[in-house]
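[1] Prediction below, plus the sequence it came from.
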Amino acid sequence: MARYTGPKSKIARKFKEPIFGPDKALDKKPYAPGMHGNSRKRKKLSEYAIQLSEKQKAKYTYGVLERQFAKTFKLAATKRGITGENLLKFLEARLDNTVYRLGIAPTRSAARQLVSHKHILVNGEVVNIPSYSLRPGDTVAVREKSKSLEAVTDSLNGGKKRFSWLEWNDKDMSGIFLNLPDRAEIPENIKEQLIVELYSK
């Protein structure tokens, strides 16, 4: 499946947030990209433009393309609860995102690559589908022959933040997806209600 492979710093500057991780370019130029830089007067965005921008931010953050994002939203809308919160919960339950959250990979794109290259096990079985949706109680582990990969060991030694809905076993290089996280536990700065309003038009 196609993925965004363009300049990530440009996207981070567009949203004025390090959505792909720490970015020196964003620190040096904390304004939108463009030949006129910060001097250009920007028009006031319409309500639709603001909502669309929020959806794009969520898509870039989780590395999901339009069709898959729309499919996830549709699923979130059919579940009980608040649609916007359900959307973020389902995005957090993706296998590539969980591999990233567990600290096995430094970024979501790196996590997606580990999954695609069959370095990750779910409940003891190889799963190479990044969008695979985890259920509470599922175990995510690094494949035995992949535990010595430099990319994996470097990431795990980087002191990754731990999350309440995930339980990590450093000895076995495995983690348990305990439950879908509450909205307050998800650190991403996404205004999910704007996305709901966009889809409801």
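    Done, it's in.
[2] For L45, which residues are in contact?
    L45 makes contacts with S53, as judged by CB atoms under 8 Å, 6 or more residues apart in numbering. In this view, the C-beta of every residue, glycine as well, is placed from N, C-alpha and C.
[3] now swap in L114 and tell me
    99, 104-105, 120, 146, 151-152.
[4] Got a quick ChimeraX command for the buried subset of the residues you listed?
    Here the buried members of the contacts of L114 are turned into a ChimeraX selection, burial being counted by 16 or more other CB atoms under 10 Å:
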select :99,104,105,120,146,152
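[5] Which two among the contacts of L114 are spaced furthest apart?
    I120 and A151 (12.4 Å; CB to CB).
[6] pLDDT at F163, what is it?
    For F163, the model assigns a pLDDT of 96.
[7] That one contacts R101, doesn't it?
    Yes: between F163 and R101 there is a contact under CB atoms under 8 Å: 5.5 Å.
[8] More neighbours: which of those two?
    More neighbours surround R101 than the other of F163 and R101, with 26 against 19 (other CB atoms under 10 Å).
[9] So in terms of bridging, what pairs with the closest residue to D138 other than its chain neighbours?
    The shortest distance from D138 to any non-neighbouring residue, by CB to CB, 6 or more residues apart in numbering, is to F177 (4.7 Å). Counting by DSSP bridges, F177 is bridged to D138, L166.
[10] need the contact list for F177.
    Contact analysis of F177 by CB under 8 Å, 6+ apart lists 93, 98, 134-140, 165-166.
[11] for this structure, what spans make up the strands?
    120-122, 125-126, 138-142, 166-169, 174-177 (DSSP state E).
[12] now those in CSV, with distance to A58?
    Below are these laid out as CSV (distance: least, CB to CB, whole Å):
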stretch, distance to A58
strand 120-122, 23
strand 125-126, 29
strand 138-142, 23
strand 166-169, 21
strand 174-177, 21
